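Enquirer: Test case, fold it:
(one chain, ligands or ions: 2)
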Amino acid sequence: MFVKKKSIKNILALSITLSLSSVILTGCNKTAETENEVSEPNIVKTNDKPNIVIFYVDDLGYGDVGSYGAKGVETPNVDELAKNGIRFTDAHSSAATCTPSRYSLLTGEYAFRQHASVLKGDAALIIPTDKPTLPSMLKKAGYSTAVVGKWHLGLGDGKSPIDWNGKVSPGPLEIGFDYSFLMPATGDRVPSVYLENHNVLNISQDDPIEVSYEHKVGIRPTGTENPELLRQAADPQHSNTIINGISRIGWMKGGVSAEWKDEDFYKVFTNMANFFIEDNKENPFFLFFSFHDIHVPRLPNDIFKGKSTMGVRGDAIAQMDWITGEVVNKLKAEGLLDNTLIIFTSDNGPVLTDGYDDEAMEKLGDHKPGGDFKGGKYSAYEAGTRVPTIVHYPAKVKAGTSNTLMSQIDIYASLAKLVNIDLNKDEAIDSKNVLGAWLDASIEGRTELIEESYTLSLRTKEWKYISPSSVKAEWITNMKNIESGLSPIPQLFNLAEDKSEQNNIALQHKADVAKYQQRIDEIKAQTHRN
Ligand code: NG6
Ligand code: CA
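Expert: Ligands and ions are numbered 1, 2, ... in the order given. As a prediction, this is how the structure comes out:
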């Protein structure tokens, strides 16, 4: 039996000892789904299939953890994974923002094929329900599958508005997850409530939720009207409904009993993940642990206060590390760690100021969020997608450091190989099986990859080509203090000599520029696996 559901009330009452609000502890309305066990597919019981856990951190930069050079914060739990696993130095998220990277991770396809971009909190599900996905592929192999944490891939069919008070669908359960416990979009977007499977947790029918991204709904104050109520000052985009002292993007009416408290995330999501592990310890499982940290708003629990010298951004890194340790400890305690393949990585590069005045910039000290790389989140430069990436699998993986080129786009096909599933020609078309390189630091992975941002870039082992773009995104520089990498002229860098992308040598290498642009065009035109 997988996903043996306990009542949420019991789960939280049992385990949230520190700060979970009494609303959640006492006022829980269980839905039919949370009462009953979820129906069971035919689970193929095997012992040789490792459990798979993906720790997907939000906005964690290349230099943000100890094993990648962090200053000002310690990450002992992540570093332990790095020490005993493979630490990759040239591994990439598919894109420099969240929704596109997540789309690619779960479908094995570059996000430009679906025109995926950062979604509003009431956007429709962007993964078609008939599309094969990483979780649905693993389900075929007998895995039970769960996503816990941030979603941000949209919900509902887009034909009618999402009914937050009823069944919220389609969503993760319709694309291959057996269980989901989510923040529907992001921490800075409404609705600021938990969604368990199809239902908002702790919703009261007397106080229905309404969400708008167009105009104010409800009577809650907004950041624009009442900035004096805010714990963190916000930019205009983040100045709508105030929940828990933080103004969000979008307006939300009702749902007071269901509101989350940001400071509880560390326990709530950790516990839900660990209960999933507990319930599935007898069968192979896939856990997609999708962190809120270290995205804005950064409100780590008080127990992490001062754990870094960098204010809340550093403390959120410490919280993220603690969560990682708790889940790893759970695997260890259940005797599962040896036979669990863990991938630890991030959805895009770092950003300091991303909507709120939380002093991330002022308190940075000599910490370099993007390591030696240029750019950051949103950017076409390397720090946009080059992120800490660790594979830990004691039963099969020898510790080491790998400098090979790797992309999250390949997780799909590589895991398919691992669990012995053949992919169809039109499935995960951009994903290549590089399982050998994921499991052995001496094996080469990719020879080329696409980095998506507001343009497309092509990487080979040595070279980085950035396609010219007419997109004007001055806000990236003006509001985020990040060099966007966008330019109307082609850019070419030799990373072997110039890893910080300082010298554009496109003019001296016109033939290479043409070759790389042609390659991007070929990849764009591709319709099948090859
Ligand atoms: C942007 C938000 C930013 C963040 C981002 C999504 C601005 C002005 N606002 O629209 O704060 O929420 O979307 O981040 O930039 S991501 O990691 O989920 O892609
Ligand atoms: Ca992100």
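
Enquirer: OK, contacts around Glu210?
Expert: 164, 217-218, 252-254 (Cβ atoms under 8 Å, 6 or more residues apart in numbering). For glycine as for every other residue, the C-beta is placed from the backbone atoms N, C-alpha and C.

Enquirer: Now do stretch 165-175: distance to the chain's middle.
Expert: 19 Å (Cα atoms, centre = their mean, to the nearest Å).

Enquirer: Please renumber the chain so that the first residue is 24 from this point on.
Expert: Sure thing, new numbering starts at 24, so read that last one as stretch 188-198.

Enquirer: what about the residue nearest to Lys190 when sequence neighbours are not counted, how many residues close to it?
Expert: Spatial nearest neighbour of Lys190, chain neighbours left out: His221 (4.6 Å); criterion: Cβ to Cβ, 6 or more residues apart in numbering. By other Cβ atoms under 10 Å, the residues close to His221 number 20.

Enquirer: Can you point out the buried residues in stretch 246-266?
Expert: 246, 253, 255, 257-258, 261-266 (16 or more other Cβ atoms under 10 Å).

Enquirer: Revised request: answer the last question for stretch 81-98.
Expert: 81-91, 93-98.

Enquirer: Over to stretch 103-118?
Expert: Those buried within stretch 103-118 under the rule 16+ other Cβ under 10 Å are 103-105, 108-118.

Enquirer: Is it in proximity to ligand 1?
Expert: No - shown here: stretch 103-118 not in contact with ligand 1 (Cβ under 6 Å from any ligand atom), separated by at least 8.7 Å.

Enquirer: same thing with stretch 334-351?
Expert: No - for stretch 334-351, no contact with ligand 1 is found by Cβ under 6 Å from any ligand atom; the gap never falls below 13.4 Å.

Enquirer: what about this structure, any weak spots by pLDDT?
Expert: Along the chain, the model assigns pLDDT under 70 to residues 24-70.

Enquirer: Helices of that one, start to end?
Expert: Ranges of helices in the chain, per DSSP state H, are 31-38, 45-49, 55-58, 99-107, 121-130, 157-163, 288-302, 334-356, 434-441, 458-462, 497-503, 533-548.

Enquirer: looking at those, which is buried most?
Expert: helix 121-130 (a mean of 28; mean count of other Cβ atoms under 10 Å).

Enquirer: Please, where are all the strands along the stretch 74-223 of the chain?
Expert: Secondary structure of the stretch 74-223 of the chain (DSSP state E, counting those that start in this stretch): strands at 74-80, 109-115, 167-173, 202-206, 218-219, 222-223.

Enquirer: quick one: contacts for Thr363?
Expert: Counted by Cβ under 8 Å, 6+ apart, Thr363 has contacts 73-76, 354, 416.

Enquirer: Could you list everything it pairs with in the sheet?
Expert: Note on Thr363: beta-bridge partners Asn74, judged by DSSP bridges.

Enquirer: In space, what's closest to the residue in the stretch 174-323 of the chain that ligand 2 sits nearest to - neighbours in sequence excluded?
Expert: Shortest the stretch 174-323 of the chain-to-ligand 2 distance, computed as Cβ to the ion: residue-wise this is His318, at 5.8 Å. What sits nearest to His318 in space, not counting adjacent residues and going by Cβ to Cβ, 6+ apart, is Asp81, at 4.0 Å.

Enquirer: Help me confirm that the one you found comes into contact with Val319.
Expert: No - contact criterion Cβ atoms under 8 Å: Asp81 and Val319 do not qualify, at 9.4 Å.

Enquirer: related to what we said a few turns ago, separation between the residue of the stretch 174-323 of the chain closest to ligand 2 and Gly378?
Expert: 10 Å (Cβ to Cβ, to the nearest Å).

Enquirer: overlap in contacts of these two?
Expert: Shared contacts of His318 and Gly378, counting by Cβ under 8 Å, 6+ apart, come down to Asp211.
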